[in-house]
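J.: everything below, folded, please.
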Amino acid sequence: MYTDFASVYDRLMADVPYREWAAYYAELLEQGGAAGGSVAECACGTGSLTVELARRYPKITGIDQSGEMLARAMEKARSRGLLLPFIRQDMRRLSLPRKADAILCTCDGVNYLIGAADVMAFFRAARANLKPGGLLVFDVSTPYKLERELGSCVRALTDEDVAYIWQSGFDAEKSLLDIRMDIFSRTPSGDYYRIVEEQTQRAHSRPELTDWLTACGFEEIRFFGDRTMTEPDEKEIRWHVRARNKK
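T.: Residues are numbered from 1 along each chain as shown. Predicted coordinates:
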């Protein structure tokens, strides 16, 4: 996963408003009492959100298990004059040199943890690497989105130098969304090469996430709607979750 995909990831995500996302996450952190503290961002990918968050959180570290993604993240940070640390780790086995004030996992990172054991392994690792009272903040695509908006569909995109065909199917019994992307990327010579990317996401329910967080030692668990500071409604496409490490 993400080997060849890393080469086209930023082009496919070009319409994501990372600066707005960073401002929203900064607000979640600040309202939780972590203004200006140290932050670790898990599943940081190519670092687009990391470099935006660094404006307010200069003590930020990017974590990802893909070396190809991290190479692009480091290049992106350097191009903006930022010397940010990036660490290659599986977030289920997160191990920071120093405990953080907050740990983030954005852009569906928790959806890619398929089983309860995987999600709880991440939550336990996050708690072990947080200061007492520190914050875990993450987002997930909701069951409504994965089943109703993305389930069993075919989509296509064409651009000047990249195109893709997206196919997805939702298994309601297992709450799993399987995704296949056939991506065609244009080379400098004008030829195209094909990348096949297959992913699976799980639609975690709100009660499940709450129970898992509680079992792993978190409290003050709050769910917010898609980039809002209010409770999500029943057709929300994304939940943002903030939980506090028990002191």
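
J.: residues making contact with the worst-scoring helix or strand of the chain on mean pLDDT?
T.: When the helices and strands of the chain are compared on mean pLDDT, DSSP states H and E, helix 9-12 comes out lowest with a mean of 78. Contact partners of helix 9-12, identified using Cβ atoms under 8 Å, 6 or more residues apart in numbering, comprise 2, 45-46, 48, 69, 72, 157, 159, 161-162, 164, 183, 185. Where C-beta positions appear, they are placed from N, C-alpha and C, glycine not excepted.

J.: buried ones in it?
T.: In terms of neighbour count (16 or more other Cβ atoms under 10 Å), helix 9-12 has its buried residues at 9, 12.

J.: how about Arg148, secondary structure?
T.: Classification of Arg148 using DSSP: H, G, I helix; E, B strand; the rest coil returns helix.

J.: would you map the helices across the chain?
T.: Along the chain, the segments classed as helices by DSSP state H run 9-12, 18-31, 48-53, 67-79, 116-128, 143-144, 206-215.

J.: hey, which of those is tucked in deepest?
T.: helix 48-53 (a mean of 24; mean count of other Cβ atoms under 10 Å).

J.: other SSEs contacting it?
T.: Of the remaining helices and strands, those touching helix 48-53 by 3 or more Cβ pairs under 8 Å, 6 or more residues apart in numbering; DSSP states H and E are helix 18-31, strand 39-42, strand 60-64, helix 67-79.

J.: relative to His240, which of the ones you listed is closest?
T.: Each of the helices and strands packed on helix 48-53 was scored for nearness to His240 using Cβ to Cβ, and the closest is helix 18-31 (6.6 Å).

J.: now the closest one: average pLDDT?
T.: Throughout helix 18-31, pLDDT has a mean value of 96.
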